[in-house]
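# Sharing a model that was predicted from the sequence below.
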Amino acid sequence: MGPTQSKSPARIPATVVTGFLGAGKTTLIRHMLENANGRRIALIINEFGDVGVDGDVLRGCGDELCREDDIVELANGCICCTVADDFVPTMTKLLDREDPPDHVVIETSGLALPQPLVRAFNWPEIRSRVTVDGVVTVVDSAAVAEGRFAADEAAVQAQREADEALDHESPLEELFEDQLACADMILLNKSDLVSKDTLSAVEQGLRGEVRDGVRFVPTANGNADISILLGLDSAAEDDMDQRRSHHEIYHDGDDDHDHDDFESFVVTLEPVADRDELLGRMREAIVQHDILRLKGFVAIDGADARLAVQAVGPRINSYFDRPWAAEDNRQTSLVVIGQKGLNEKAVRALLQV
């Protein structure tokens, strides 16, 4: 009998969850945790803004599902711009644990390009130990149906051909297209907010933006079977030529993007007496100043639980997510995200109650 050959250990699969602001990424991931079926899932969360809202929401799912050392927040800027300093060391630390995770889920910021992150899986420190099982892009079906985040690639290309100075005129459309171009699966989330015909039209409109074979799955409240989400086995890091971003296509491979296209700040308030009045002011600020995303936690006078607030466009969702803990600072903290030129002073004034 010849000498036995040792088999290389299997690489740990990782799922990248991307999508525009407010599409429902955090809700989807929480659902994945609650239905992990024994898998130990580690999370890497990339926040845009100074309040770790998404990490806090996920930690609320319970210690058994969300052990503190299984949740890592990278709040020092867009993950696609801090690969060497933040992402690769974080991934290495996860893999070096005595009990490494069975699966890694990475929630990107709604403003992040997925391509540089996926490409980072080719770094020598981690390439032999982890692979991209799949890129899941979450789409707000209702928003797309309204035309708010819909992309017209032909029109953008025509403008660029006419004038190269228009490269960054529509950064939101380009970013949305880049997230679609990198996807292995598109979740048409919030499907319950549109009719079947409208949802079908949204899907047909997006099919022209994705690679052949990308699957579309309608979901409501991020409720997708984990057996569909995990086990795609795409090895996305190996076929980046098929997932090129706009910046790679139009700038000879340069995939840098300018976060000066967006602005973010935190509004901190004392506990409020009237929940409805604050939500009304938030809605007014969103409409008047075209705020892209508003999220955070609200302290209500006399309430023992904190109010979680998530808003995209004019739609605002709010719910009491958990009781205030003794160590919590009972105040309202809201992250406001908009395009460059957002009038911070006016927004702050509107939110004061």
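Received the coordinates, thanks.
# chain center to the longest helix that the chain contains: distance?
Secondary structure of the chain per DSSP state H: the longest helix is helix 275-289. Relative to the chain's own centre, helix 275-289 is displaced by 24 Å; criterion: C-alpha atoms, centre = their mean, to the nearest Å.
# hey, where'd the strands end up in the stretch 201-350 of the chain?
Along the stretch 201-350 of the chain, counting by DSSP state E, counting those that start in this stretch, strands occupy 215-218, 262-269, 293-298, 305-312, 315-323, 332-339.
# ditto for the stretch 51-200 of the chain
Under DSSP E, counting those that start in this stretch, the stretch 51-200 of the chain gives strands at 71-74, 103-107, 130-140, 185-189.
# Mean confidence (pLDDT) on the first one, please.
Per-residue confidence for strand 71-74 averages out to 62 on the pLDDT scale.
# Ok, the third one next?
For strand 130-140, the per-residue pLDDT values average out at 94.
# Name every strand pairing with that strand and say which way it goes.
When pairing is defined by DSSP bridges, strand 130-140 lines up against strand 12-19 (parallel), strand 185-189 (parallel).
# Lowest mean pLDDT across the ones you listed, which one is that?
Taking the mean pLDDT of those, strand 12-19 comes last: a mean of 92.
# Would you tell me which of the strands of the stretch 201-350 of the chain gets closest to residue 243?
strand 215-218 (15.4 Å; C-beta to C-beta). Just so you know, the C-beta spots here come from the backbone N, C-alpha and C atoms, and that holds for glycine as well.
# What residues sit buried inside that closest one?
Neighbour counts over strand 215-218 (16 or more other C-beta atoms under 10 Å) mark 216-218 as buried.
# Just the CA trace of it, in CSV.
C-alpha atoms of strand 215-218 as CSV (Å, rounded to 0.1, in the frame of the first residue of the first chain):
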residue,chain,number,x,y,z
ARG,A,215,-31.7,33.2,-9.0
PHE,A,216,-34.4,35.6,-7.9
VAL,A,217,-36.3,34.8,-4.7
PRO,A,218,-39.2,36.8,-3.4
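# export the strands of the stretch 201-350 of the chain to CSV and tack on mean pLDDT?
Listed next are the strands of the stretch 201-350 of the chain as CSV, based on pLDDT from 0 to 100:
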stretch, mean pLDDT
strand 215-218, 93
strand 262-269, 83
strand 293-298, 84
strand 305-312, 83
strand 315-323, 82
strand 332-339, 84
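# show me where pLDDT drops low in the stretch 101-250 of the chain?
110-112, 149-172, 246-250 (pLDDT under 70).
# now the helices for the stretch 51-200 of the chain?
Here the stretch 51-200 of the chain has its helices, by DSSP state H, counting those that start in this stretch, at 53-59, 88-95, 114-119, 141-145, 153-162, 171-181, 196-207.
# Residues touching the second one, excluding its own?
Applying C-beta atoms under 8 Å, 6 or more residues apart in numbering, the contact partners of helix 88-95 are 12, 42, 44, 72, 74, 100-101, 104, 120, 123, 125-126, 129-130.
# Deepest-packed of the strands of the stretch 201-350 of the chain, please.
strand 293-298 (a mean of 23; mean count of other C-beta atoms under 10 Å).
# Need the residues that contact it.
So strand 293-298 is in contact with 21-22, 51, 53, 56, 110, 266-267, 272, 275, 278, 282, 285-286, 306-312, 316, 318, 321, 332-338, going by C-beta under 8 Å, 6+ apart.
# again with stretch 280-290
Everything outside stretch 280-290 that qualifies as a contact, by C-beta under 8 Å, 6+ apart, is 291, 294, 309, 311, 313-314, 316, 334, 336, 338-339, 342-343, 346-347, 350-353.
# Does residue 344 touch residue 265 like I think?
Yes - counting by C-beta atoms under 8 Å, residue 344 does reach residue 265; the two are 5.4 Å apart.
# any shared contact partners between these two?
Shared contacts of residue 344 and residue 265, counting by C-beta under 8 Å, 6+ apart, come down to residue 336.
# returning to that earlier point: can you tell me which of the contacts of helix 88-95 lies nearest to residue 179?
residue 120 (16.4 Å).
# was I right about the closest one contacting residue 87?
Yes - shown here, residue 120 and residue 87 form a contact pair, counting by C-beta under 8 Å, at 5.8 Å.
# in stretch 119-128, what's buried?
119-121, 126.
# Who are the contact partners of the nearest residue to residue 304 once chain neighbours are set aside?
Using C-beta to C-beta, 6 or more residues apart in numbering and skipping residues adjacent in sequence, the residue nearest residue 304 is residue 323, 5.4 Å away. Contact analysis of residue 323 by C-beta under 8 Å, 6+ apart lists 304-306.
# separation between residue 286 and residue 268?
Separation of residue 286 from residue 268 (C-beta to C-beta, to the nearest Å) stands at 18 Å.
# actually residue 326, sorry about that
Distance from residue 326 to residue 268, by C-beta to C-beta: 20 Å.
# just residue 193 next, same as before
Taking C-beta to C-beta, one finds residue 193 at 31 Å from residue 268.
# Can you tell me how far residue 28 is from residue 226?
10 Å.
# With neighbour numbers in mind, choose between those two.
residue 28 (23 against 17; other C-beta atoms under 10 Å).
# tell me the domain boundaries of this structure?
Domain assignment of the chain by automatic domain parsing yields the ranges 12-257, 261-351.
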